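Q: Structure, please.
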Amino acid sequence: MKIVLDNLEGPEVADLLQDHLDQMAIHSPPESRHALDLDGLKSPSVTFWSAWDGDNLMGCGALKELDARHGELKSMKTANAYLKRGVAKALLRHILAEAERRGYRRVSLETGSMAAFDPARRLYANFGFTDCDPFADYVEDPNSVFMTLELPVANIISDSA
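A: Residues are numbered from 1 along each chain as shown. Predicted coordinates:
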């Protein structure tokens, strides 16, 4: 698996993201869909990665900067052919490592509360994410679950040391 910074120009990525949006439409009412479309993912505040097996797209994920110490996990999606093969775990590890490198203190996310989102919530819980209140511009929503992960604070050497 090769995880790369992606410019969102390839048709494979567009197709996977459209599948992501289509699945959201099946399981979530319009007011509870918070997935970003291609234009939203091209925002300067968002960094997007894709995972590849040769020429085959395995999955994707993004990190949105909310502020200098807080990031939001966005658009985690595994291609159907690669489900249950560790793609989401690898992408999540990669994104969390980048969040730590940036000096974020926490990473938060919003996902669905319905049964279809159980695997995602289990994945995040296994990585240490815990339920939290709505963050950023989110509001309470019975169709949403909000989760956050406190990141380790990097050892900072002060000038007086």
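Q: Mind jotting down where the helices sit in the chain?
A: 11-27, 38-41, 87-102, 118-126 (DSSP state H).
Q: quick one: the longest strand along the chain to chain centroid distance?
A: Using DSSP state E to define each element, the chain has its longest strand at strand 56-67. Distance of strand 56-67 from its chain centroid, counting by Cα atoms, centre = their mean, to the nearest Å, is 5 Å.
Q: mind listing what it pairs with, with the direction of each?
A: strand 46-53 (antiparallel), strand 70-78 (antiparallel) (DSSP bridges).
Q: Throw those into TSV and include mean neighbour count and distance to Ile26, thanks.
A: C-beta: built from backbone N, CA, C; applies to glycine. What follows is the strands paired with strand 56-67, written out as TSV (neighbours: other Cβ atoms under 10 Å; distance: least, Cβ to Cβ, whole Å):
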stretch	mean neighbour count	distance to Ile26
strand 46-53	20	23
strand 70-78	23	14
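Q: now those in TSV, with distance to Pro142 and mean pLDDT?
A: Shown next, in TSV, are the strands paired with strand 56-67 (distance: least, Cβ to Cβ, whole Å; pLDDT from 0 to 100):
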stretch	distance to Pro142	mean pLDDT
strand 46-53	27	98
strand 70-78	20	97
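Q: Next, find the distance separating Tyr82 from Tyr104.
A: 27 Å (Cβ to Cβ, to the nearest Å).
Q: With Glu110 instead?
A: Counting by Cβ to Cβ - Glu110 and Tyr104 are separated by 17 Å.
Q: Which of those two has more residues huddled nearby?
A: Neighbour totals were compared for Glu110 and Tyr104, and Tyr104 leads with 23 against 20 (other Cβ atoms under 10 Å).
Q: what about Asp137, neighbour count?
A: That count, for Asp137 with other Cβ under 10 Å as the rule, works out to 7.
Q: follow-up on the earlier one: among the helices of the chain, which comes closest to Leu151?
A: Closest to Leu151 of these, according to Cβ to Cβ: helix 87-102, at 5.4 Å.
Q: contacts for that closest one?
A: 1, 3, 47, 49, 51, 58-63, 65, 71, 73, 76, 78-79, 107, 120, 123-124, 127, 149, 151-152, 154 (Cβ atoms under 8 Å, 6 or more residues apart in numbering).
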